[in-house]
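Chemist: got a predicted structure here, sequence first:
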Amino acid sequence: MIPITRRIAIDERELEESFLRASGPGGQNVNKVETAVQLRFDVRNSPSLPDDVRARLEALAGRRLTLEGVLVITAQEHRSQDRNRAEALNRLVELIKEAAKPPPPKRRPTKPTKGSQQRRMDGKAKRGATKKLRTGKPGLD
């Protein structure tokens, strides 16, 4: 089991890893060793996730979520397969932790105070008076 929060843990059997060749520089190593990791996690059919977390995770996943509801995370920053595996798993855990956070409270609309309304009107009147001084005819030099 992979612990996420106190109430959420994911079974390792729910994860599917596949390895592929990483792109970018690396010399001969990049052409013959499959160091990149593609981690797949079925969000929609996971028994480990509560419904509210599942919904937020699907929204957070964005383009990384397939039409079938499978989250795909690809890690290829490191030259070693083990480090890429750890990186992909860490990204998955962080994404689920973010989805497990409760949503922020709804914003309550407020009205401006009388004082702030009066200051705004005073400022507008002052600015208007300044502009009115500019309407005089230009003098001949």
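Modeler: Yep, that arrived.

Chemist: which SS class is Glu16?
Modeler: With DSSP: H, G, I helix; E, B strand; the rest coil as the basis, Glu16 sits in strand.

Chemist: against Leu92, how distant is the residue positioned nearest the centre of the chain?
Modeler: In the chain, the centroid-proximal residue (CA atoms, centre = their mean) is Leu60; its distance is 5.9 Å. Applying CB to CB, to the nearest Å, the value for Leu60 to Leu92 is 11 Å. Where you see a C-beta, it was placed from the backbone N, CA and C, and this is true even at glycine.

Chemist: looking at this protein, which helix or strand does the model trust least?
Modeler: Across the helices and strands of the chain, mean pLDDT, DSSP states H and E gives its lowest value to helix 28-32, namely a mean of 64.

Chemist: surely the residue nearest to the centre of the chain and Ile96 touch.
Modeler: No: in terms of CB atoms under 8 Å, Leu60 does not count as a neighbour of Ile96; the distance is 9.1 Å.

Chemist: I'd assumed the residue nearest to the centre of the chain was in a strand, is it?
Modeler: No: under three-state DSSP, Leu60 sits outside any strand and is assigned helix.

Chemist: report the contact partners of it.
Modeler: Residues in contact with Leu60 (CB atoms under 8 Å, 6 or more residues apart in numbering) are 95, 98-99.
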